[in-house]
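Engineer: Here's a sequence, model it:
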Amino acid sequence: MVMVRFLRTATLATLLLAAKAQADWQMNLTPGVTEVSEDIYGIHMMALWVCIIIGIVVFGAMFYSILHHRKDKGHQAATFHESTKVEIIWTAVPVIILLSLAVPAAQALIKMEDSSNSELTVKITAYQWKWQYEYPNEGIKFFSSLDTKSRKAGVKNSGIDPASVEHYLRQVDSPLVVPAGKKIRVLITSNDVIHSWGVPALGVKKDAIPGFVNDTWFNIKTPGEYRGQCVELCGKDHGYMPITVVALDDAAFQTWVTEQKTAMAAAQNDSNKEWTKEELIEKGSKVYATTCSACHQAGGQGIPGVFPAMTGSKIATGDIKAHLDIVLHGKANTAMQAFGNQLSDADIAAVITFERNGLGNSVGDMLQPADVKAAR
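Structural biologist: Numbering: from 1, shown residues only. Here you go, the predicted structure:
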């Protein structure tokens, strides 16, 4: 009896492991969580089964002919030139098959482009290597970057095992938040190079092109968290540009909107107050970690030949006005972006103060948000 129970338990464990292995190695698409993604999945499965049936028929006929009409069985090759009936059949059948696939595919494409009657509009602007989300009607705007844990684990010789970081390279500090069960129109553009906003579970992939605005839409049926990434090769750190979309029920979404407006008001107050140097350095270290460390590295050592070091650099230890100017307006013909439209006055004042008094530098000066506002 004990042996029987042991064998049953071992068999169950084997089946569970096999099921897990099968899930880990799943090769097919998934239905997703939107109407469009389900349509895409349905068309994919229809085309797959059509291809399988055609393969079975064609290869079945071929192997049957090879086995049963061999020369050593006395069969002689037939000699004929044309058959109008056969030609009509082998032309008509593929046309019917293609039409059966083309009609639902065309319907899905038309549906994907119809962003009318939306209940919420979100503008997405791509930057290297982050996303800016703006809710025009709600007056909300923020940036979404790779989360700190993934960024630290991605640093060479960090000593952090990436496998120990949940959702490594797929988690962000500020996700896109939308209400579930509502049609969301998305306007997509780029501030620098070509990017592409893609979330497979939503059935969405749209290019973000400088100077152009593309639009798409989605309607997430149930609350949840869904992930994607930039799917256009946008330069160094392309793989560090994830997307996280959080769908909430309507009440939770309205609460989130209120919280965001409160946070934006607090940020505005931060830009109007006088800061101590210690406060600026503390805040600046956080801004540097999320905004600057991808290029200049967490310790300020930079990447030789690619991105300059901040430690001991002429910018971080030289004229503070020149330092402010390059942060506000960027530097032509380099990867240095203009952060004037990306960061608040308080953020810029803080990160410059941190760079001049941290990362191995000790210049001793500081900036106030009012100085940044005046320089704009």
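
Engineer: all helices for the stretch 151-300 of the chain, in order.
Structural biologist: 250-270, 277-291, 293-296 (DSSP state H, counting those that start in this stretch).

Engineer: Now the last one: average pLDDT?
Structural biologist: Averaged over helix 293-296, pLDDT sits at 81.

Engineer: Determine how far that helix lies from the middle of the whole chain.
Structural biologist: Put simply, helix 293-296 sits 20 Å off its chain's centre (C-alpha atoms, centre = their mean, to the nearest Å).

Engineer: now what about it, what contacts it?
Structural biologist: Trp129, Leu146, Arg151, Asp237, Tyr240, Gly302, Ile303, Phe307, Pro308, Ala309, Met310, Ala335 (C-beta atoms under 8 Å, 6 or more residues apart in numbering). From N, CA and C alone the C-beta is placed, and that goes for glycine too.

Engineer: same thing but at 10 Å, please
Structural biologist: Helix 293-296 is contacted by residues 128-130, 145-146, 148, 151-152, 154-155, 236-237, 240-241, 285, 287-288, 299-300, 302-303, 306-311, 313, 316, 335-337, 355, 359 when judged by C-beta atoms under 10 Å, 6 or more residues apart in numbering.

Engineer: Need the buried ones from those residues selected in PyMOL.
Structural biologist: Applying 16 or more other C-beta atoms under 10 Å to these leaves a buried subset, and the PyMOL line that selects it is:
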select buried, resi 128+129+130+145+146+151+154+237+240+241+285+287+288+300+302+307+308+309+310+311+313+316+336+337+355+359
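
Engineer: Looking at the contacts of helix 293-296, which are in strands?
Structural biologist: In this view, the contacts of helix 293-296 that belong to strands under DSSP state E are Lys130.

Engineer: looking at the helices of the stretch 151-300 of the chain, which is buried most?
Structural biologist: helix 293-296 (a mean of 21; mean count of other C-beta atoms under 10 Å).

Engineer: Report the contact partners of the residue most central in space within the chain.
Structural biologist: Central residue check for the chain by C-alpha atoms, centre = their mean: the C-alpha nearest the mean position is that of Gln229, 1.8 Å away. Neighbouring residues of Gln229 by C-beta under 10 Å, 6+ apart: 169-170, 196-200, 238-244.

Engineer: same check, this time on Lys206
Structural biologist: 112, 124, 186-188, 195-199, 214-217, 231.

Engineer: who does it bridge with?
Structural biologist: On the basis of DSSP bridges, Lys206 is bridged to Trp197.

Engineer: What distance do you get for it to Val122?
Structural biologist: Distance of Lys206 to Val122, given as C-beta to C-beta, to the nearest Å: 12 Å.

Engineer: Give me the common contacts of those two.
Structural biologist: Counting by C-beta under 10 Å, 6+ apart, the contacts common to Lys206 and Val122 are Val186, Leu187, Ile188, Trp217.

Engineer: So which of those sit within strands?
Structural biologist: Val186, Leu187, Ile188, Trp217.

Engineer: State the number of residues packed around Gly239.
Structural biologist: Using other C-beta atoms under 10 Å, the number of residues around Gly239 comes to 14.

Engineer: swap in Ile43?
Structural biologist: By the criterion of other C-beta under 10 Å, Ile43 has 16 neighbours.

Engineer: ok, so what distance separates it from Ser158?
Structural biologist: Note on Ile43: its distance to Ser158, by C-beta to C-beta, is 44 Å.

Engineer: can you check Met336 too?
Structural biologist: 24 Å.

Engineer: same thing with Val306?
Structural biologist: According to C-beta to C-beta, Val306 stands 18 Å off from Ser158.

Engineer: now do Ala47
Structural biologist: Using C-beta to C-beta, Ala47 is found at 44 Å from Ser158.

Engineer: just to revisit the earlier point, now render the ones in strands among the shared contacts of Lys206 and Val122 as TSV, adding distance to Ser271, neighbour count and pLDDT.
Structural biologist: Compiled in TSV, these are given as follows (distance: C-beta to C-beta, whole Å; neighbours: other C-beta atoms under 10 Å; pLDDT from 0 to 100):
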residue	distance to Ser271	neighbour count	pLDDT
Val186	29	23	97
Leu187	27	18	97
Ile188	29	23	97
Trp217	35	24	96
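
Engineer: Out of these, which is nearest to Asp270?
Structural biologist: Leu187 (28.6 Å; C-beta to C-beta).

Engineer: Could you tell me the least trusted of the helices of the stretch 151-300 of the chain?
Structural biologist: Lowest mean pLDDT of the helices of the stretch 151-300 of the chain: helix 293-296, a mean of 81.

Engineer: Helices of the stretch 1-150 of the chain, residue ranges please.
Structural biologist: Along the stretch 1-150 of the chain, the segments classed as helices by DSSP H, counting those that start in this stretch run 2-24, 35-68, 84-113, 148-153.

Engineer: what's the angle from the third one to helix 35-68?
Structural biologist: Here the directions of helix 84-113 and helix 35-68 differ by 160 degrees (axes from the mean of the first three to the mean of the last three C-alpha atoms, to 10 degrees).

Engineer: starting at the chain centroid, how far to helix 84-113?
Structural biologist: Here the centre of helix 84-113 is set off from its chain's centre by 34 Å, with C-alpha atoms, centre = their mean.

Engineer: Tell me which residues of it come out buried.
Structural biologist: For helix 84-113, burial by neighbour count (16+ other C-beta under 10 Å) applies to Ala108, Met112.

Engineer: I'd like the average pLDDT over that helix.
Structural biologist: pLDDT averaged over helix 84-113 gives 92.

Engineer: ditto for stretch 369-376
Structural biologist: Mean per-residue pLDDT for stretch 369-376: 86.

Engineer: Please list the residues outside it that contact it.
Structural biologist: 270-275, 280, 320-321, 324-325, 327-329, 340-341, 343-350, 352, 367-368.
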